[in-house]
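**Student:** When you get a sec, could you give me coordinates for this:
(2 chains)
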Number of protein chains: 2
Amino acid sequence: MTKKHTIILQPSGRRGEVEEGKSIRAAARDLGVEIESICAENGTCGKCLILVEEGRFEKYNITSKRENLTPLTPVEADYFKRRPKLLQDKGWEVGQVRLSCQCQARGDVLINVPEESRGNKQIVRKSATQREIEIKPSIRKYLVMMTPPNLERPIADWERLAKGLETSMGLVRAGEENLPRWSDFTIDYACLRTLSSTVREAQWKVTVSVWQDKEVVQVQAGYHEDSYGAAVDIGSTTVALYLCNLRTGEILAAESEMNPQIVYGEDVMSRIQYTIENPDGLEKLHKAIIGTLNKLLKQAVKTANLSLRAQAKQSGEEEESAPRTSSPQGNDIKLEDVLEMVLVGNSTMHHLLLNLYPKHLGLAPFVPTIHKSVDVKARELGLHINPSANIHVLPTIASFVGADTSAMLVAEEPHKQDENWLLIDIGTNAELVLGNRHRLLCTSTPTGPALEGAHVEYGMRAAPGAMERIEIDEKTLEPRYKVIGVEGWHNDHENFKGQVKGICGSAIIDGVSELFRAGIVDSRGKFKTKLESNRLRQGPSGWEYVIAWADETSIGRDIPMTQQDVRQIQLAKAALFVAARTLLKRANLQSPDKIILAGGFGSYIDKEKAMLIGMIPDCELDKVYAVGNAAGDGARIALLNLEKRNEIDSVARKVERFELPTDPEFQNQFMLATSLPHMSEAFEHIAHLIPNREKDPMAKKFVK
Amino acid sequence: MTKKHTIILQPSGRRGEVEEGKSIRAAARDLGVEIESICAENGTCGKCLILVEEGRFEKYNITSKRENLTPLTPVEADYFKRRPKLLQDKGWEVGQVRLSCQCQARGDVLINVPEESRGNKQIVRKSATQREIEIKPSIRKYLVMMTPPNLERPIADWERLAKGLETSMGLVRAGEENLPRWSDFTIDYACLRTLSSTVREAQWKVTVSVWQDKEVVQVQAGYHEDSYGAAVDIGSTTVALYLCNLRTGEILAAESEMNPQIVYGEDVMSRIQYTIENPDGLEKLHKAIIGTLNKLLKQAVKTANLSLRAQAKQSGEEEESAPRTSSPQGNDIKLEDVLEMVLVGNSTMHHLLLNLYPKHLGLAPFVPTIHKSVDVKARELGLHINPSANIHVLPTIASFVGADTSAMLVAEEPHKQDENWLLIDIGTNAELVLGNRHRLLCTSTPTGPALEGAHVEYGMRAAPGAMERIEIDEKTLEPRYKVIGVEGWHNDHENFKGQVKGICGSAIIDGVSELFRAGIVDSRGKFKTKLESNRLRQGPSGWEYVIAWADETSIGRDIPMTQQDVRQIQLAKAALFVAARTLLKRANLQSPDKIILAGGFGSYIDKEKAMLIGMIPDCELDKVYAVGNAAGDGARIALLNLEKRNEIDSVARKVERFELPTDPEFQNQFMLATSLPHMSEAFEHIAHLIPNREKDPMAKKFVK
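**Tutor:** Numbering: from 1, shown residues only, chains lettered A, B, ... in the order given. The predicted model follows:
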């Protein structure tokens, strides 16, 4: 009979009996503790490191010691010999640390599974509720040792590869049910084309990347552990791309560019119009966005490689003999290593990306070509990553509530709440979703690009040199501001000079709000022209208030906020407000339990000031969250967790859509909503900011 | 309680009780009798016609009459009104003939389901055993009435299409288990791209073509009933394409062309060599075959349309008002209506078609890149049919036993036999399979193109003007021959003139066999130069025998068979013979129970003559079958019956492969096998044909 020993696994505290002859990794799996492995238990990937804790553990009634594991194997010795820095950094001794795929129990042991060895990794992301994202990527890699062919068994390359893959997958994921058999695997045609050369160059030792446990999409010579993917949020104005490591979830690079389609029309309607009026319009807009995506991908790979090389250099000296680091360039990520992309964007961006005619998005009854998420090969879209890579585009909800909203839903998860949440994704077009686990309503409204810094005289993206905060002193009417890339307020610095270029979204809202609070503009948004301040003046386009004098800027000109800028913001915030009110009315709610503001500048927005100008409906201020680019986050979640994709499809299918009515009553409400802050909304929270609040009929009720 | 009536279905004789309110088509299905339908029971396709038999049927104890069905509906009246010719041709009266989806039982009825209305159609094809092919195509069409979108329910085009498709499929195939739900359907990206325009042009009435019950590959405005597919056999020398109706199995056109790769090398080895020596070699060979396939597809569609238009004209007058025949061109098959292709070819042709580097097919240990069948979209290969069409390439068995052999196996089915069959596919390269349901062995041998009419001085393809039979009188040494396209033997015609152009494969074998039987060449294949005949003479390349004088030909020159021609055939037949003997030895068999000769000229070959020259091993003559292009037939079967594709994949995986040895002993056997007929093989069957048989030591034993 086989001998059995007790094994305790920390930190989970799982315990059980293990038979001699079974690897610790296999034994742990039997106890429900997943330990990582990529190399099919060859002892080369080092993902399955464990630590033996030594001593007497009364609680478990065992004495654990190193000798209770089988002696160090040559494979392990070799592995650790090449990684002195790892041991030194962690303070581990060889013998105490082991490769769990290589050692077995010979006596009782208490094993510590360090964080990095645990299966089912999770990453933490910022959201209205802090949440962990479990990493379950669509791509998994396996090291496969192929049987060479011979005259007696002249089996084709693919069949030998598939059999080897079955074995490797079985070893790495033993115990899982329904692992595919070799004959179930398929290989993408583009990958098949180079198979015979690759496997021979590799001398039958290859790393195989498998998509969704079924389709082989990449075969690489030798051993590789990481796969890469990109999550992209295509805004009407800005395109943001995140290059991620699909195994660890780490963001390796974040890049953004203007959407090049902007030259064909600033808002979605004018781009749709362009495709209707020009026979080659769709083709042009489609090619423009594909070109930008290819540019961003190239940039992201470059950025990631620079930072990886820097890291490698830092920790590289001792590991020089390790096979991975034969040359720094040899480990560079290549575009062909990008094996998956998830894209989101409003419905028009979605259609233009997929080369679908957007005409009917813009004509009543306003329907997209497809709601369901789309999977298509990179080569079909002309994206210059691995041609076998899958491109996943999240589902659309309605003509003006697109895949970006689907992404926001998966990032914030209102469909899992009891409370009623109002989510507002602010861009050139704003999408709003209201509801909870029982019901979700959505609508959308055009807001213009002002909130993204466009169409504002000195507006710019949130980048170094942009003002991100503005305050105006009620008494002196003098401003102070913060600039991205500069510590503190500008007037903290003596002789602040030449460092500001323009105003980004969050400062624009600050600016309007402060102009109102300081009594420089009235509640209709009009400049008061009789005030004592040299900053208030007639500019080329009417009255304006100078925030930065020319010598403080890098552009050599005064930076004012103009009457025109204030009007833009009034129109945008009124649109948002009326849309939110309409949804609340539809849902028979007075106010939401929580408001989540998303969008490129969302995380920098001052909630109180947004409420002061009347951009959002009444809600407790500490229940208003600014979560940043939730659409981008949602894209990243869908990139890293395959199961979330089905969830999004099913949630998106259930959201109820409403078009905002176009009747005169509605228009009237909209005009009312342009006032600052306007009507009775949220006065409880902002009354202390209203100018002449002691005299204001609304404000005075709430002022303590 | 609902009333019930007895229903009897002929010719099956199925009977049962049917509730009032159920259509006859649905009732028949409940009794296990499938009646066709395409239009989702809209009463427009007319595929579900049935006949009511009137009278007293004692056997069943019922009285059947027209009035026992619900009265003719306006839909039926309209359908029959537009088809007076159909009624006249068949001698049917309206009321006697009904649309089974439209009528219900009100009393007992005996129903006759005519052949054309029966589901699960079958076509009969020629094979060693006459066999019916059940039609289960990969593409099925459904008429879908989409719900138009509106402002209250602005559902996307795809989702409304998918829901409509679920309904239509449910109606057409009600009762089948596991029919997909709407959310299970997918749509090919190329098809999605034009969806929004098509469904609007169609005003929401479309015909949807679904691949393998899951993927939408074509959406057409209005009602269409037929889908088309192509089966292709890519030979080293000849490419043959069959355009088929996927619903009826009918062959609409058969076209063939020379394989254009021939300019890069006549046999597979020299084409492989070309790809090794030239960096752009693979690309050139791949593009050449794709170009030819596109040419053949275009020709086939043209041929099919000419014949369909002729048919339509014949039967068209009375049906002019029917919606399908609004204009003859309107019903033309277009290349984009070709929705599926199945291709077969030897392993080299397979690799070149798929743009796979064939180098390792030609180098030891001789392995293909892939055995398993490949599915790839038409657009990926540059085939100009519907871009969403699937291209299915049958599995390869070994480096020199390709997808053409897989096709032959599915056509002839040795894997379902108790007897041991020997299958020989004769082309520039010959593949041989031996065995039965328990075990199948295969090998291959190069035979050169002589048996296909190439490399023979006046050789040509089997086309009008080619000699297909030759006989030589033993006494006078005068020949007679048959020409394709001319009735009877040439000497049946007085002054036979100007009608022959060359010699095709079957006549080449006849010729060599007859030259030997008449004593003009000896058993070593050498011309006897001392004979009394003006037909025997010294030609430019040595001795030759004139079969047709210049004035009998359309080329104005004598057509001889030369010493060189005889040598070519000797080498080819020796290769075949030795390969067959080697397989028999491996299988421990003396002789096969049945021999099946396949290949372009196979159906015309004279089995006795093939045996006389020693091309095939010993076997009862009436157990030798010539089945023609079995590879092409197999391709057609796989095109029409989806289930056969899995069967081929699984059979191909089990075939044992042998390379012919290259040792001197084997070479020696090969040289011996070049003699006519040679050794002791099959003398029992051919002794009566041996010259001077009374003196021949082998032949005299068998001569009666």
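**Student:** Test my guess that residue A:27 contacts residue A:15.
**Tutor:** No - contact criterion CB atoms under 8 Å: residue A:27 and residue A:15 do not qualify, at 11.0 Å. Placement of C-beta: from N, CA and C, glycine included.
**Student:** So the two - more neighbours on which side?
**Tutor:** Counted by other CB atoms under 10 Å in any protein chain shown, residue A:27 and residue A:15 do not tie: residue A:27 has more neighbours, with 23 against 14.
**Student:** For chain B, what's its nearest residue on the stretch 351-500 of chain A.
**Tutor:** Closest to chain B within the stretch 351-500 of chain A is residue A:370: 3.9 Å, counting by CB to the nearest CB.
**Student:** can you check the stretch 201-350 of chain A too?
**Tutor:** residue A:347 (9.3 Å).
**Student:** Now that residue: closest residue in space that isn't a chain neighbour?
**Tutor:** residue A:402 (3.9 Å; CB to CB, 6 or more residues apart in numbering or on different chains).
**Student:** What pLDDT does the model give that neighbour?
**Tutor:** Looking at residue A:402, its pLDDT stands at 94.
**Student:** Next: residue A:556.
**Tutor:** Residue A:556 is assigned a predicted lDDT (pLDDT) of 87.
**Student:** Need the three-state assignment for it.
**Tutor:** In three-state terms, and counting by DSSP: H, G, I helix; E, B strand; the rest coil, residue A:556 is coil.
**Student:** go on, residue A:618?
**Tutor:** The local conformation at residue A:618, judged by three-state DSSP, is coil.
**Student:** Low-confidence stretches in chain A?
**Tutor:** For chain A, the stretches with pLDDT under 70 are A:1, A:120-130, A:315-330, A:452-454, A:600-603, A:662-663, A:678-683, A:698, A:701-704.
**Student:** got the contact list for the residue nearest to residue A:347?
**Tutor:** By CB atoms under 8 Å, 6 or more residues apart in numbering or on different chains, the contact set of residue A:402 is A:344-350, A:396, A:431.
**Student:** Give the buried subset of those as a PyMOL selection command.
**Tutor:** Burial among the contacts of residue A:402 is assessed by 16 or more other CB atoms under 10 Å in any protein chain shown; the matching PyMOL selection reads:
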select buried, chain A and resi 344+345+346+347+348+349+350+396+431
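**Student:** Kindly reformat the contacts of residue A:402 as JSON lines containing secondary structure.
**Tutor:** Compiled in JSON lines, those are given as follows (three-state DSSP):
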{"residue": "A:344", "secondary structure": "strand"}
{"residue": "A:345", "secondary structure": "strand"}
{"residue": "A:346", "secondary structure": "coil"}
{"residue": "A:347", "secondary structure": "helix"}
{"residue": "A:348", "secondary structure": "helix"}
{"residue": "A:349", "secondary structure": "helix"}
{"residue": "A:350", "secondary structure": "helix"}
{"residue": "A:396", "secondary structure": "coil"}
{"residue": "A:431", "secondary structure": "strand"}
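**Student:** residues contacting the nearest residue to residue A:286 once chain neighbours are set aside?
**Tutor:** The shortest distance from residue A:286 to any non-neighbouring residue, by CB to CB, 6+ apart, is to residue A:355 (4.5 Å). Residue A:355 makes contact with A:282-283, A:286, A:381, B:193 under the criterion CB under 8 Å, 6+ apart.
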